[in-house]
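Participant: What follows is a predicted structure for the sequence shown.
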Amino acid sequence: MVKIFLEDRYNNLYDTALNFIKLGNIRQAKYLLEEITKKYSNSSETFHLLGIVETQLGNLDLAEKYANLTINFSKNPNPLHYSNLGEILRRKGDINTAIEILKKALEIDNNYTTAKYNLANILKNNKNYSKAIDLYNECIKTNKNDHLSLYNIGNCFFEIGDYENSIKSYNEITNIKPDFLEVYYSIAYIYENLRKFDEAIKNYQICIDKKLNNKEVHKRIAICYEELGKIDKAKKFYKKYLEIDKDNIGIKMHISFLSEIIFSSTKEIDIFRSKVEENIIKYKNKASEKTINSFVGNIPGFIYHGTCNK
């Protein structure tokens, strides 16, 4: 039992609330923590947990209030508290203040990787890719197996069009954490952009074989087969897409369109590609382009960034 308060009753309440948070019983935890504040109105430990609870409940104004109370009533400056406040402010859209708070966390402890990771995410979102990469690399120096920072480095290189270094970063992850399936999708997507469709298909297929049952994977591999003129295989994967998204009219129409195509030569395949290019691009643009970051993207380092703080 954690000994924070004079009375065992409140220590028990605190321990139970902490266990509720770990189990995901957030509202029960909130009730117990609020009971503690009725007796102890200056407990930084309680305010810290309430900030976590309100963040998970999406009550960001309350979360910010409790994060500030945590800092105000702490006996000593703690980088964790500043890092949590910075993450809350980021979620609220107060980016400039979030950056300043995260910098304060690093002033307290320059080796505190959670703050570095959170700050790097903000810089990446602001398209400050060079500084973001530097911070992610600092996280990796602390933990060479930090696959999330490495993944975000790959994403940064992708955004600036440095596909070679992007693939290099992604490939490192396949050695560190081979079950991190999203990285195979990202590798495939780059190869698709480079029109290396066989390599793209190979990596998309890894996603499918390892049970990453995401409709985007099926659509992208179908597009690759279509680009290669392998229409039967393209149709197969478009149909797999429809097993997940049964009401997608655009995909249904496209399959119908493909069903009427018969090729007698490579030249006809090339003509087909040029004629239906706009039709294919329709499925590549917008949401699909964002998919490279949609699986993990900006995994927040709020509270605990596991890969950096083991």
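Facilitator: It's in.
Participant: May I see the buried residues of the strand or helix carrying Asn155?
Facilitator: Using DSSP states H and E, Asn155 falls within helix 147-159. For helix 147-159, the buried set under the neighbour-count rule, 16 or more other C-beta atoms under 10 Å, comprises 147-158. Bear in mind the C-beta positions are built from the backbone N, C-alpha and C, glycine included.
Participant: Tabulate the residues you listed (CSV), appending pLDDT.
Facilitator: Shown next, in CSV, are the buried residues of helix 147-159 (pLDDT from 0 to 100):
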residue, pLDDT
His147, 95
Leu148, 96
Ser149, 97
Leu150, 97
Tyr151, 97
Asn152, 97
Ile153, 97
Gly154, 97
Asn155, 96
Cys156, 97
Phe157, 97
Phe158, 96
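Participant: Restricting to C-alpha, output the helix holding Asn155 in PDB.
Facilitator: Presented in PDB, the C-alpha positions along helix 147-159 are these (Å, rounded to 0.1, in the frame of the first residue of the first chain):
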ATOM      1  CA  HIS A 147      10.600   1.500 -32.600                       C
ATOM      2  CA  LEU A 148       8.000   4.300 -32.300                       C
ATOM      3  CA  SER A 149      10.700   7.000 -32.600                       C
ATOM      4  CA  LEU A 150      12.300   5.100 -35.400                       C
ATOM      5  CA  TYR A 151       8.900   4.800 -37.200                       C
ATOM      6  CA  ASN A 152       8.300   8.500 -36.900                       C
ATOM      7  CA  ILE A 153      11.800   9.200 -38.300                       C
ATOM      8  CA  GLY A 154      10.700   7.200 -41.300                       C
ATOM      9  CA  ASN A 155       7.500   9.200 -41.500                       C
ATOM     10  CA  CYS A 156       9.500  12.400 -41.400                       C
ATOM     11  CA  PHE A 157      11.800  11.300 -44.200                       C
ATOM     12  CA  PHE A 158       8.700  10.200 -46.200                       C
ATOM     13  CA  GLU A 159       7.200  13.700 -45.900                       C
END
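Participant: what's it packed up against?
Facilitator: Contact partners of helix 147-159 among helices and strands, from 3 or more C-beta pairs under 8 Å, 6 or more residues apart in numbering; DSSP states H and E: helix 113-125, helix 129-142, helix 163-176, helix 182-193.
Participant: okay, these, which one's buried deepest?
Facilitator: Sort the helices and strands packed on helix 147-159 by mean neighbour count, taking mean count of other C-beta atoms under 10 Å, and helix 113-125 sits at the top with a mean of 25.
Participant: these two touch, right, Asn171 and Tyr184?
Facilitator: No: counting by C-beta atoms under 8 Å, Asn171 does not reach Tyr184; the two are 10.1 Å apart.
Participant: re the thing from before, and the helix holding Asn155, how far out from the chain middle?
Facilitator: Centre-to-centre, helix 147-159 and its host chain are 11 Å apart (C-alpha atoms, centre = their mean, to the nearest Å).
Participant: what does stretch 34-47 give?
Facilitator: Mean-position distance between stretch 34-47 and its chain equals 33 Å (C-alpha atoms, centre = their mean).
Participant: Find the nearest non-adjacent residue to Cys224, please.
Facilitator: Nearest residue to Cys224, sequence neighbours excluded (C-beta to C-beta, 6 or more residues apart in numbering): Phe197, at 4.3 Å.
Participant: From Ser166, how far out is that neighbour?
Facilitator: 18 Å (C-beta to C-beta, to the nearest Å).
Participant: next one: Gln28
Facilitator: From Gln28 to Ser166 the distance is 44 Å (C-beta to C-beta).
Participant: again with Leu57
Facilitator: From Leu57 across to Ser166, the span is 36 Å (C-beta to C-beta).
Participant: Also Gly93?
Facilitator: Computed with C-beta to C-beta, the distance linking Gly93 and Ser166 is 28 Å.
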